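Enquirer: Model the structure of this input:
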Amino acid sequence: MLIFTVGDVVGKAARDFLIERLPVYKKFKGIDLCIVNGENSAQGNGISPSSCEQLFLAGADVVTTGNHVYKRNEVYEYLDSQKPVIRPANYNENNPGKGYVIADKGRYQCGVINIMGTAFLECVENPFCCMDRILPKLSDCKIIIVDFHAEATSEKRAMGFYLDGKVTAVVGTHTHVQTADEQILRSGTAYITDLGMTGPLQSVLGIKPELVINKLKYQMPTRFENAVGDMILCGCLIEADEKTGKALSIERVVIS
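Expert: The predicted structure is shown next:
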């Protein structure tokens, strides 16, 4: 089974680029399951019903999110719908949305879980305890993919080793810069610290560089705007054994 996981989509231009490039790549590789992080897919920030629908139009089977999921209140009802869009499972259980979804791929079912780190981010349920709580609910799924939306590399690495052998893959999101540490861990779990982003190449995490520089240099409030220009699509291609749920390979992907 081939699974393609796509890093944070940033803004409208990135959505358009995804719609243009993702279907071609999926067909060329024969992708069975595509997971896209869309927490920054709305123009400016956050995710909206319309921006999420465009991700599905591009070919996403499941859309994951992160700490910006509740930025726009128009998405709350949408998160509670039957759409395969999920938010970090370790937010309060009464919050809009669900933390995991089971994608029915015919002869097998695939679990997709979204969790968020606590280092340098919001105060949510401990992600390790959250995973202990959720995994038994997906006992019928051989293939389980975890989008760990976190800031600290150490927290992501620790989660990878904690879940090694329990899930098919742990892929990090949030920092928007693709890391070069993809590997198969000892017990068969594919891991990468960060998938990177789908967005403007000449940018700071998708934002116009001059705006970020001014913010950091003068420490004054700055209204961020998405950068324009050449786009990149970053992610990972993971091959998994359908019978065991173990990862067979993981490959970084950058499409320009």
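
Enquirer: C-alpha from now on. contacts and neighbour counts both.
Expert: OK.

Enquirer: What does the pLDDT read for the residue sitting nearest the centre point of the chain?
Expert: Centroid-nearest residue in the chain, with Cα atoms, centre = their mean: N37, separated by 3.4 Å. With respect to pLDDT, N37 has a value of 98.

Enquirer: the helices in the stretch 1-150 of the chain, which residues?
Expert: Taking DSSP state H, counting those that start in this stretch as the test, the helices found in the stretch 1-150 of the chain are 11-29, 49-58, 76-79, 127-134.

Enquirer: Out of the ones you listed, which is closest to F148?
Expert: Among these, helix 127-134 comes nearest to F148, with 8.9 Å by Cα to Cα.

Enquirer: Check which residues of the closest one are buried.
Expert: Within helix 127-134, the residues scored as buried using 16 or more other Cα atoms under 10 Å are P127, F128, C130, M131.

Enquirer: Distance of the third one relative to I113?
Expert: As for C130, its distance to I113 is 10 Å (criterion: Cα to Cα, to the nearest Å).

Enquirer: what does the first one give?
Expert: As judged by Cα to Cα, P127 and I113 stand 11 Å apart.

Enquirer: And for the last one?
Expert: Distance of M131 to I113, computed by Cα to Cα: 9 Å.

Enquirer: Then the second one?
Expert: Using Cα to Cα, one obtains 13 Å as the distance from F128 to I113.

Enquirer: Tell me who's in contact with L2.
Expert: G30, I31, D32, L33, L237, I238, E239, A240 (Cα atoms under 8 Å, 6 or more residues apart in numbering).

Enquirer: so the closest residue to it other than its chain neighbours, which of the three states?
Expert: Counting by Cα to Cα, 6 or more residues apart in numbering, E239 is the residue found nearest to L2 once chain neighbours are left out, at 4.6 Å. Recorded secondary structure, E239: strand (DSSP: H, G, I helix; E, B strand; the rest coil).

Enquirer: which residue ranges form the strands in the stretch 151-256 of the chain?
Expert: Along the stretch 151-256 of the chain, the stretches classed as strands by DSSP state E, counting those that start in this stretch are 169-173, 183-184, 190-192, 197-200, 231-240, 247-255.

Enquirer: Please name whichever of those strands is nearest to P84.
Expert: strand 169-173 (18.1 Å).

Enquirer: That closest one: partners in the sheet, and parallel or antiparallel?
Expert: Next to strand 169-173 in the sheet, as set by DSSP bridges, lie strand 143-149 (parallel), strand 190-192 (parallel).

Enquirer: any chance of those strands in CSV, plus mean pLDDT, mean neighbour count and distance to V62?
Expert: Converted to CSV, those look like this (pLDDT from 0 to 100; neighbours: other Cα atoms under 10 Å; distance: least, Cα to Cα, whole Å):
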stretch, mean pLDDT, mean neighbour count, distance to V62
strand 143-149, 98, 26, 11
strand 190-192, 98, 28, 19
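
Enquirer: related to what we said a few turns ago, selection in PyMOL covering whichever of the contacts of L2 are buried, please.
Expert: Here is the PyMOL command that selects the buried residues among the contacts of L2 (16+ other Cα under 10 Å):
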select buried, resi 31+33+237+238+239+240
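
Enquirer: what's the farthest-apart pair in the contacts of L2?
Expert: Farthest pair in the contacts of L2, by Cα to Cα: G30 and A240, 13.4 Å.
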